[in-house]
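Visitor: with the input below, show me the fold.
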Amino acid sequence: MSELANRVSREICRGRGASSAQSGRFEKLARVREPDGWDIPEEQGVLRTEVTLEQPRSVINYVRSPDLPFDRSLNPYRGCEHGCIYCFARPSHAWLGLSPGLDFETRLIARPGAPEVLRRELRARGYRVAPLAIGTNTDPYQPIERQHGITRACLQVLSECDHPVAVTTKGTLIERDIDILAPMAARGLARVGISVTTLDGDLSRRMEPRAPAPRRRLETIRRLNQAGIPVRIMVSPVVPALTDPELEAILEAGRDAGAEAASWIMLRLPHEVSALWRDWLDEHYPDRAARVMARLREMHGGRDYDAAWHRRMRGDGPYAHLIARRFELAARRLGLDRRTEALRCDLFRPPAEPGDQLNLFAAHR
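Guide: Residues are numbered from 1 along each chain as shown. Here you go, the predicted model:
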């Protein structure tokens, strides 16, 4: 195992995806664990999740990426306890002076003021409605949502003003919010994407240690579908030489569970994710590590990752084209290649405030 992984023992970070707390790319100093010199055994407990609160000044993040199907997003949390080792969002923790490794999955930030800030932004005079994507960076239904309920509160705001929303998650806790999402879906205002990386439970536990098991996610697709909520199965990410043989099987399982559309994204290794991923491969699948990385570099001009628009999520070259073709044929055969209907924007009205309601009563006197 590399020196990177040896910085934190696997016993301490049991149940976590990363095994290092490497400093982010903006830090001048690196944090390294060293013995204190005393011949006394030190007790080393398992890492616990810490949650701090942040009061956001704004919550709608406007994006101008030409290869994304949305132009605005909202993330109730920073960091993600699911601990998916491949998560492309890990580098965002570096902006906070925290490690994209273990800090990303153990030192989380909740934004309890998000619903009220969202309400204020939707009431702004210059606001123009368009579908809002939730869960594009970190999972809105990770375990801490059970205690904080920020995602649910944001959905309530959107529902009150008939604002369209698209939710992406691995979390089965979304089933709790069917009472909000189903009526919104009936009005053409909501859809959900469920990510399934593999059907192999053992591989999933290693790669995404605190995310729900694959079969449980398929059950979530079934329950959302039964409630009338349009669901897309996301084969994301496709990992060369590790999960790519399952592509067709995942799509078929999603179709059988009730998904009506599908999408896929190739494994992405931006910034610090590359070193974390390679270290994880060396630990869990040393026999395939060279092959996995060779395929990735083949798709990115010899590099671990290429962030160019329209190539960053699919790659380029023969292997990338083969995966794209396999997906296309399987999706067509399974009826998952249909275009989803656009979410409605014509029903939106700015959120009401207490003063608005008082004025309404006054007008009827």
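
Visitor: distance of residue 287 relative to residue 60?
Guide: From residue 287 across to residue 60, the span is 46 Å (CB to CB, to the nearest Å). No exception for glycine: its C-beta is placed from N, CA and C like everyone else's.

Visitor: which one's more surrounded, those two?
Guide: Comparing residue 287 with residue 60 by other CB atoms under 10 Å, the one with more neighbours is residue 60, at 15 against 7.

Visitor: verify the stated contact: the more buried one with residue 74.
Guide: Yes: the pair residue 60 / residue 74 is scored as a contact, 6.0 Å apart, by CB atoms under 8 Å.

Visitor: so what sits against both of the two?
Guide: Taking CB atoms under 8 Å, 6 or more residues apart in numbering as the contact rule, residue 60 and residue 74 both touch 118, 132.

Visitor: quick one: the helices in the chain?
Guide: In the chain, the helices defined using DSSP state H lie at 3-6, 102-106, 114-122, 145-148, 150-160, 178-186, 201-207, 214-226, 247-257, 273-284, 289-299, 318-334, 354-363.

Visitor: switch those over to TSV; also include mean pLDDT and distance to residue 133.
Guide: As requested, these are exported to TSV (pLDDT from 0 to 100; distance: least, CB to CB, whole Å):
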stretch	mean pLDDT	distance to residue 133
helix 3-6	42	33
helix 102-106	93	21
helix 114-122	97	13
helix 145-148	97	17
helix 150-160	98	12
helix 178-186	98	14
helix 201-207	96	24
helix 214-226	98	17
helix 247-257	98	20
helix 273-284	94	21
helix 289-299	96	26
helix 318-334	97	22
helix 354-363	52	28
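
Visitor: not counting sequence-adjacent ones, nearest residue to residue 169?
Guide: residue 141 (4.5 Å; CB to CB, 6 or more residues apart in numbering).

Visitor: can you get me a residue count around residue 53?
Guide: 10.

Visitor: what about it, distance to residue 149?
Guide: From residue 53 to residue 149 the distance is 13 Å (CB to CB).

Visitor: go on, residue 190?
Guide: 18 Å.

Visitor: between the two, which has more neighbouring residues?
Guide: Set residue 190 next to residue 149 and count neighbours by other CB under 10 Å: residue 190 wins out with 28 against 18.

Visitor: strands paired with the longest strand seen in the chain, and their directions?
Guide: Looking only at the chain and at elements set by DSSP state E, the strand with the highest residue count is strand 231-238. Strand pairing for strand 231-238, determined by DSSP bridges: strand 190-195 (parallel), strand 261-266 (parallel).

Visitor: residues touching the nearest residue to residue 326 once chain neighbours are set aside, list them.
Guide: Setting aside the residues directly before and after it, residue 326 is nearest to residue 247 in space (CB to CB, 6+ apart), at 5.6 Å. Residues near residue 247 by CB under 8 Å, 6+ apart: 235, 238, 264, 323, 326, 327, 330.

Visitor: looking at it, the third one is touching residue 232, isn't it?
Guide: No: between residue 264 and residue 232 there is no contact, the gap being 10.8 Å when judged by CB under 8 Å.

Visitor: contacting residues for residue 129?
Guide: Contacts of residue 129 (CB under 8 Å, 6+ apart): 163, 164, 345, 348.

Visitor: ok, residue 63 next?
Guide: Residue 63 is in contact with 70, 71, 72, 73, counting by CB under 8 Å, 6+ apart.

Visitor: so which of those wins on neighbours?
Guide: residue 73 (20 neighbours).

Visitor: quick one: that one from residue 330, how far?
Guide: Counting by CB to CB, the gap from residue 73 to residue 330 is 29 Å.

Visitor: what does residue 142 give?
Guide: 30 Å.

Visitor: swap in residue 102?
Guide: In terms of CB to CB, residue 102 sits 37 Å off from residue 330.

Visitor: the two - which one has more neighbours?
Guide: When neighbours are counted by other CB under 10 Å, residue 102 comes out ahead of the other of residue 102 and residue 330, with 24 against 21.

Visitor: tally of neighbours for the closest residue to that one other than its chain neighbours?
Guide: Once flanking residues are discounted, residue 102 sits nearest to residue 21: 4.5 Å by CB to CB, 6+ apart. As a burial measure, residue 21 scores 23 neighbours (other CB under 10 Å).

Visitor: wait, isn't residue 21 in contact with residue 101?
Guide: Yes: with contact defined as CB under 8 Å, residue 21 counts as touching residue 101 (5.3 Å).

Visitor: what touches both of those two?
Guide: With CB under 8 Å, 6+ apart, residue 21 and residue 101 have no common neighbours.

Visitor: check contacts around the nearest residue to residue 318 once chain neighbours are set aside.
Guide: The shortest distance from residue 318 to any non-neighbouring residue, by CB to CB, 6+ apart, is to residue 298 (7.8 Å). If you count contacts by CB under 8 Å, 6+ apart, residue 298 has them with 317, 318, 319.

Visitor: thinking again about what came up before, most tightly packed of the strands paired with strand 231-238?
Guide: Counting by mean count of other CB atoms under 10 Å, strand 190-195 has the highest mean neighbour count of those, with a mean of 24.

Visitor: just give me how far that one sits from the chain centre.
Guide: Centre-to-centre, strand 190-195 and its host chain are 11 Å apart (CA atoms, centre = their mean, to the nearest Å).

Visitor: got a list of contacts for that strand?
Guide: Outside strand 190-195, the residues touching it (CB under 8 Å, 6+ apart) are 164-170, 174, 181, 184-185, 217, 220-221, 224, 229-234, 236, 254, 259, 263, 340, 343.

Visitor: again, but for stretch 149-158
Guide: 59, 74, 76-77, 110-112, 114-115, 118-119, 122, 132, 134, 140-141, 145, 163-165, 176-177, 180-181, 184, 189, 351.
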